[in-house]
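Give me the fold of what follows.
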Amino acid sequence: MNPKLNSTVSVVKINDHILEFFLTNIRQQVRIKVEDDLILEIVTALDGKRTVSQLAADYDISEEELTGLLDFLRNKGILDNVEPKEDFICYDQFRRVIHFLAEYSHSHEHLLEMWNRIRNSTVLIVGLGAVGTWTACNLAESGVGRLILMDADTVDISNLHRQFGYRECDIGRKKADVLEERIHDYSDFTNVIKEYSFLDSSSLHIFDEMSINLIINCADKPTVDDTSLWIGEYAMQRGIPHIVGGGYNLHLSLIGQTVIPGKCACLKCFQKTLEEENAIDPTRVRKLSVKNRKVGSFGPMCSMIASMVGMEAIKVLSGDIQPSNINRRGEFDIYSMDIKYKNYGRRDDCEWCGKSGKYYRT
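This is a model prediction of the structure:
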């Protein structure tokens, strides 16, 4: 493929000795030192119509020197790694996703590998409520090849204000059935598998024979802590990346952590640290009993958290883009629009991933 400048990259001459490349999609700058305008002239001439040999001859430099420059630019995502676009499955439908991934790639082959991982991946989404439905939508729109939708619940009128895809005419129907229809309304390329089960401590074993690339926990019954630990232990046993999909309470929304087994803190690490941080003197605590407690929820907040989950998921599935929420989780304050993150490190004394833990991986 003839070298071509990425269409999302702007080239700016800062001064006589500094040339800047601005990668629009990921809002990053790459600066290089230059002696004159030769590199600027070469870069702006990279239109994909001339070979390396022709460019070297036109600008009177050696092919070796030019190849070194082009390799540097390609590794930084400055050159167009998409062409030939015919190599990509479903390019016309997902071209914007592919071009976004391109700025994280260092060659056409590398970009193709990332896209094929996403297209061939299987993601299990547990819980099809406010976060789960929007997450499923985001992943289908981003090209994920297979979604396993796990939920035994039916659509209720109380779901409609915050959950994606459900309508009044769907009340009483299985959530998984309705969501499958909505996904296929705009993406026939996503294969949907439905599991009509509620999560408990042993229900995930029905997936033992399946190859799953990522599990996303969007289930909150009996509690998010319980469901996260059930999913976390199942995933740690099998080395499956997993994400806590988030939740909401008191106008705060939890931005859950991403766990890559053996690479970062696991759910048990988080639990142990949180228990230590929240330790209190029980003799000074009075229990508040509130019957029929109803926690308020807000549709835009749910969909925003699901969008963050979707972005993390695509990073994980690509295999080469570093997830942002390993070793940390955050809280989004709907009133101030602030996000506060707190870091949690991997613990040597963790029963799961510590050096003596039962799921320790290096």
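
Next, give phi and psi for Ser228.
Main-chain dihedrals, Ser228, degrees, to the nearest 10: phi -70, psi -40.

okay but it is in contact with Ile243, surely?
No - using CB atoms under 8 Å, Ser228 makes no contact with Ile243, being 9.8 Å away. Where C-beta positions appear, they are placed from N, C-alpha and C, glycine not excepted.

Looking at those two, which one has more neighbours?
A count of neighbours by other CB atoms under 10 Å puts Ile243 above the other of Ser228 and Ile243, at 28 against 24.

Confirm that the more buried one lies within a helix, as I assumed.
No - judged by DSSP: H, G, I helix; E, B strand; the rest coil, Ile243 forms no part of a helix; its state is strand.

List the beta-bridge partners for it.
Ile216, Thr258 (DSSP bridges).

looking at it, it is touching Ile260, isn't it?
No - judged on CB under 8 Å, Ile243 makes no contact with Ile260 at a distance of 10.0 Å.

Identify the contacts common to the two.
Here Ile243 and Ile260 share the contacting residues Val316, scored by CB atoms under 8 Å, 6 or more residues apart in numbering.

For the residue nearest to Leu38 when sequence neighbours are not counted, give me its contacts.
Closest residue in space to Leu38, ignoring its immediate chain neighbours: Tyr59 at 6.6 Å, by CB to CB, 6 or more residues apart in numbering. Tyr59 makes contacts with 38, 41-42, 66, as judged by CB under 8 Å, 6+ apart.

again, 10 Å this time
38-39, 41-42, 45, 65-66 (CB atoms under 10 Å, 6 or more residues apart in numbering).

follow-up on the earlier one: joint contacts of Ser228 and Ile243?
217, 256-257, 259.

out of those, who has the most neighbours?
Val259 leads the shared contacts of Ser228 and Ile243 on contacts (other CB under 10 Å) with 32 neighbours.

how much space between that residue and Tyr344?
11 Å (CB to CB, to the nearest Å).

So which residues of the stretch 1-150 of the chain form helices?
In the stretch 1-150 of the chain, the helices defined using DSSP state H, counting those that start in this stretch lie at 38-44, 52-58, 63-75, 91-102, 108-119, 130-141.

Can you tell me which of those is most buried?
helix 130-141 (a mean of 26; mean count of other CB atoms under 10 Å).

ok so, going back, make TSV out of the helices of the stretch 1-150 of the chain and add distance to Leu19 and mean pLDDT.
As requested, those are exported to TSV (distance: least, CB to CB, whole Å; pLDDT from 0 to 100):
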stretch	distance to Leu19	mean pLDDT
helix 38-44	6	96
helix 52-58	17	96
helix 63-75	11	94
helix 91-102	21	92
helix 108-119	24	96
helix 130-141	36	96
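
any chance of these in a markdown table, with distance to Ile157 too?
Rendered in a markdown table, the data for those read as follows (distance: least, CB to CB, whole Å):
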| stretch | distance to Ile157 |
| --- | --- |
| helix 38-44 | 58 |
| helix 52-58 | 64 |
| helix 63-75 | 54 |
| helix 91-102 | 34 |
| helix 108-119 | 35 |
| helix 130-141 | 14 |
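
Please enumerate the strands of the stretch 251-362 of the chain.
Secondary structure of the stretch 251-362 of the chain (DSSP state E, counting those that start in this stretch): strands at 252-255, 258-259, 328-333, 338-343.

and of these, who's closest to Lys49?
strand 258-259 (42.2 Å; CB to CB).

From the contact counts, what lies against the closest one?
strand 214-217, helix 224-238, strand 242-244, helix 267-277, helix 299-318 (3 or more CB pairs under 10 Å, 6 or more residues apart in numbering; DSSP states H and E).

Mind doing that once more with 6 Å?
Strand 258-259 makes packing contacts with no helix or strand when contacts are defined by 3 or more CB pairs under 6 Å, 6 or more residues apart in numbering; DSSP states H and E.

Please list the outside residues in contact with that strand.
Residues from elsewhere that reach strand 258-259, judged by CB atoms under 6 Å, 6 or more residues apart in numbering: 242-243, 266, 312, 323, 325-326.

quick one on the thing from earlier: any idea which of the helices of the stretch 1-150 of the chain gets closest to Ala235?
Across the helices of the stretch 1-150 of the chain, closest to Ala235 is helix 130-141 (CB to CB), at 16.4 Å.

Dump the closest one to CSV, restricted to CA.
The C-alpha atoms that make up helix 130-141 are tabulated as CSV, following Å, rounded to 0.1, in the frame of the first residue of the first chain:
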residue,chain,number,x,y,z
ALA,A,130,-30.9,0.5,32.6
VAL,A,131,-27.2,0.0,32.1
GLY,A,132,-27.4,-3.5,30.5
THR,A,133,-29.7,-2.5,27.6
TRP,A,134,-27.8,0.6,26.6
THR,A,135,-24.5,-1.3,26.9
ALA,A,136,-25.8,-4.0,24.5
CYS,A,137,-26.9,-1.2,22.1
ASN,A,138,-23.4,0.4,22.2
LEU,A,139,-21.6,-2.9,21.6
ALA,A,140,-23.8,-3.9,18.7
GLU,A,141,-23.3,-0.4,17.1
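
Now do that helix: distance to the chain's middle.
A distance of 12 Å separates the centroid of the chain from that of helix 130-141, by CA atoms, centre = their mean, to the nearest Å.

can you check stretch 25-45 too?
30 Å.

Next, name the residue at the spatial heart of this structure.
Glu312 (2.0 Å; CA atoms, centre = their mean).

That one and Gly165, how far apart?
21 Å.
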